[in-house]
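[1] Sequence and predicted structure below; questions after.
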Amino acid sequence: MGLSREDVIKVAQLARLELSEAEIAALTSQLGDVLTYIEQLSKLDTEGVEPMAHAVEMVNVLAEDVIEESFDREQILSNAPSRDDTCYRVPPVLGE
Amino acid sequence: MSGTAYTTVIGLEVHVQLDTRSKLFCRCSSQFGAPPNTQTCPVCSGQPGALPVMNLRAYELAMRAAIGLNCEIPQFTKWDRKNYFYPDLPKGFQTSQFDLPMSQDGYLDISDPEGAFEERRIGIIRAHLEEDAGKSLHDEEAGKADSRIDLNRCGTPLLEIVSQPDMRSAAEARVYLTELKLLLTYLEVSDCNMQEGSLRVDANVNLHIDREEDLIATPIVEVKNMNSFRAVQRALEYEVERQYELWQQTGRKLGDVGVTKETRGWDDEAQLTRAQRGKEESSDYRYFPEPDLLPVTATGEMVQSVRAGLGELPAALRTRLAREYQLSPYDADVLVNQGRSLVDYFVAVADRCGDGKSASNWLQQDVLRHLKETGTTIEAFAVPGEQLADLISAVHSGALTTSRGREVLTHLISNGGTVAQAMQQLGIEEVDQSELEELCRELLIANPKIVADIQSGKTKAAGALVGQAKGKNPNVNPHDVQRICLKLAAEM
């Protein structure tokens, strides 16, 4: 199963990646190879096999609803590329 | 041309914040109103490598709401990543539920107490548990074009309740929302406060137009940004008209090339909807199972035990009040819509005085008005149910007239105490029967004209004596005065 150039452009757009023409060409072939490789799985007979919903077989790990201390604001904001005293700063949100 | 028949088709997506202390995947407080970014940690601010753990209480509340909405609870549920980019979503995905939601296939019955439509069953496609995003704040600093982000709300547990497109008018949509909110309030799963964003509504609407052979559907529009139930109703009414006019002009319909679902925002000031960004197709969210969270299984016993603990819900309560206390459906509706505490108060009063109808009247006419005027709730109401019941009994026995009863209630609200104490302090005493007869006789002797009128059959003339009697003794019962005067005049 191949992958079209349009597929790559769409996926890149959804991931907010800006790709050059050369990158689009390279990724179309590389991602296509990945998909072809994975497609081998479809050769398996899965008749009667229950679909797997999660890779781990454990279930029901839940925590009590008890408040614990949050991080210090100064510390949590210190990782932000742009900030002020109390908030993260981001390029203006358009629309809405 | 106009007058073509069409059907309005509305489905609602409601998000309610579940009333937990901590967030869905971390133990930061989910309390509303804290200073920006003071309730975050590596998990809810989306730091790499941070791992979520599901909040047990959030899951229990979600299940409680889902069962209250008559949903099936599948044995197995898991969470998925819904991928999109927005500055208030630091992880780049929302942890939500896709193909195996925690509940599905429920319903909510709605009816209009004013009778504008028949009782209807609105299907619930699913209710699933997911996390909230943060908030973008307006920048008030001049000259700076940035948006500011507060992540306190990030990770707050939300229940998304998706209805079937079963509503046929904006009014029905509003009744559905009102009933849903009432139900969730009775279930104590959310405070449903729209101002604080605890309850948010998106609406999907289009029209099915009848044309001879074809059934034409207009493009589906999702309406957002509605901040009250009233706004929802207005926005839908507006949207119905807009779509119909647009269809008349362009003929564009669902299924035409290039027609996709449109998102429009309600502008409450201008009272119209405006186009917003094109909504990404559902597959564009590239959902995949959240590897960092484990699935949850629900046993039949768990579901049974949650169901057993739901308490009496609004629909059942309305029926019971109407039946057991001989209330009209309208009165039962008014009481139940005030919430469970008011119903408990009503039941206490009605059981003690033995008269549901009077209890309902006193609550609606006097107590609710007082609560509204003073902006308080029944929990803070100063008069215990037993005192109101005794007051109603005193009115029944004739010891108090309705208007003196109101004076007693006002006295009880301000001073507390019992009905007997209030009557004593207000100088209200039962007038001795012979004393009353004596008073009436004096009045009749002083008013021969009225006596003559009564004797000639104009019994209404006795009414003039009631006022005079009250002037002489404020404690007299007007009905007694009337009755005795008529009797004495006939004997004269």
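    Ah, there it is.
[2] Could you identify the helix or strand that succeeds the helix or strand containing B:Y345?
    B:Y345 belongs to helix B:340-353 when assigned by DSSP states H and E. As assigned by DSSP H and E, the chain's next helix or strand after helix B:340-353 is helix B:356-362.
[3] What average pLDDT does the helix holding B:Y345 get?
    Helix B:340-353 carries an average pLDDT of 95.
[4] before we move on, what about stretch B:299-312?
    93.
[5] picking that back up, centre of the chain versus the helix holding B:Y345, how much separation?
    The chain centre lies 19 Å from the centre of helix B:340-353; the measure is CA atoms, centre = their mean, to the nearest Å.
[6] residues of it that come out buried?
    B:R340, B:L342, B:V343, B:Y345, B:F346, B:V347, B:A348, B:V349, B:A350, B:R352, B:C353 (16 or more other CB atoms under 10 Å in any protein chain shown). No exception for glycine: its C-beta is placed from N, CA and C like everyone else's.
[7] Check stretch A:9-27 too.
    Buried residues in stretch A:9-27, counted by 16+ other CB under 10 Å: A:V11, A:L19, A:L27.
[8] repeat for stretch B:124-137
    Residues of stretch B:124-137 classed as buried by neighbour count (16+ other CB under 10 Å): B:124-136.
[9] Next, work out how far apart the residue nearest to the spatial centre of chain B and B:F117 are.
    Closest residue to the average C-alpha location of chain B: B:L182 at 4.0 Å, with CA atoms, centre = their mean. Noted for B:L182: a distance of 18 Å to B:F117, by CB to CB, to the nearest Å.
[10] same thing with A:V49?
    According to CB to CB, A:V49 and B:F117 sit 49 Å apart.
[11] quick one, which of those two is more surrounded?
    Higher neighbour count among A:V49 and B:F117: B:F117, with 15 against 8, using other CB atoms under 10 Å in any protein chain shown.
[12] from memory B:L177 sits against B:V201, does it?
    Yes - B:L177 lies in contact with B:V201 (CB atoms under 8 Å); the separation is 6.4 Å.
[13] Quickly list what's touching both of those two.
    Residues touching both B:L177 and B:V201 (CB atoms under 8 Å, 6 or more residues apart in numbering or on different chains) are B:L12, B:V14, B:F229, B:V232.
[14] wait, which of those residues is closest to chain A?
    Chain A lies nearest to B:V232 out of those, by CB to the nearest CB, at 17.6 Å.
[15] Need the pLDDT of the residue nearest to the closest one when sequence neighbours are not counted.
    Among residues not flanking B:V232 along the chain, B:M226 sits closest, at 4.6 Å (CB to CB, 6 or more residues apart in numbering or on different chains). On pLDDT, B:M226 comes in at 95.
[16] who does the host helix or strand of the residue nearest to the centre of chain B touch, helix- and strand-wise?
    Remark: B:L182 resides in helix B:170-186, with elements defined by DSSP H and E. Applying 3 or more CB pairs under 8 Å, 6 or more residues apart in numbering or on different chains; DSSP states H and E, we find helix B:170-186 packed against strand B:6-17, helix B:56-68, strand B:104-110, strand B:199-211, helix B:229-250, helix B:314-324, helix B:329-337.
[17] Contact residues of chain A facing chain B?
    A:14, A:16, A:53-56, A:58-68, A:70-71, A:73, A:76-77, A:79, A:82, A:84, A:86-93, A:95-96 (CB under 8 Å from any CB of the partner chain).
[18] other SSEs contacting whichever strand or helix holds B:V223?
    With secondary structure defined by DSSP H and E, B:V223 is part of strand B:221-226. On a contact count with 3+ CB pairs under 8 Å, 6+ apart, strand B:221-226 meets strand B:199-211, helix B:229-250, strand B:262-267.
[19] contacting residues around that strand?
    Residues from elsewhere that reach strand B:221-226 (CB under 8 Å, 6+ apart): A:96, B:201-206, B:232, B:235-236, B:239, B:243, B:261-268, B:273, B:276, B:279.
[20] Skipping adjacent residues, who's closest to the residue in chain A that chain B sits nearest to in space?
    Chain A approaches chain B most closely through A:D65 (3.4 Å), counting by CB to the nearest CB. Among residues not flanking A:D65 along the chain, B:R57 sits closest, at 3.4 Å (CB to CB, 6+ apart).
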